[in-house]
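K.L.:
Sequence plus the predicted model coming up.
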Amino acid sequence: MIEAVIKKSHQSILQITVSGHAESDEYGKDLVCAGVSTACFGIANALAHFDFLSQKLGTIEIREGFMDIKVHQNHKTVQVVLETFEVMLKTIEESYSKYIKIIEMEV
């Protein structure tokens, strides 16, 4: 199962961690994993496009079955991108809750 943990403080997203594998089908045919992976890489690219890393607004760590985005400085554009990511993950969860779980935390 894929687990996405979204940490917020006063409505601002501070961190999103996505880990695990959906295992909804055999390797190479797992559409849930493919959808989540596409969302992860798309959001990472969008953040990079808006200079998230070069402006030291936060960090992104990506490896097999894992992605972690940490926000160090609140920024309006970053929040819009991360809120979009949250909606994408929740949309996948609505249809495939057997394979993806989202946990929201107020910190």
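P.N.:
Alright, I've got the coordinates.
K.L.:
before we move on, what SS does the residue in the chain sticking out farthest from the centre have?
P.N.:
Computed with CA atoms, centre = their mean, the residue of the chain farthest from its C-alpha average is Glu26, at 22.8 Å. Recorded secondary structure, Glu26: coil (DSSP: H, G, I helix; E, B strand; the rest coil).
K.L.:
Number the chain from 41, please
P.N.:
Right, with 41 as the first residue, what we last looked at is Glu66.
K.L.:
Quick one: residues contacting it.
P.N.:
Applying CB atoms under 8 Å, 6 or more residues apart in numbering, we find Glu66 in contact with no residue. For every residue, glycine as well, the C-beta is placed using N, CA and C.
K.L.:
Quick check: phi and psi at it.
P.N.:
phi -70, psi 160 (degrees, to the nearest 10).
K.L.:
now it: how far from Lys110?
P.N.:
Relative to Lys110, Glu66 is positioned 33 Å away (CB to CB, to the nearest Å).
K.L.:
for the host helix or strand of Val58, which positions count as buried?
P.N.:
Using DSSP states H and E, Val58 falls within strand 52-59. Across strand 52-59, burial judged by 16 or more other CB atoms under 10 Å covers Ile53, Leu54, Gln55, Ile56, Thr57, Val58.
K.L.:
isn't the fourth one right up against Phe125?
P.N.:
I take that to be Ile56. Yes: the pair Ile56 / Phe125 is scored as a contact, 6.4 Å apart, by CB atoms under 8 Å.
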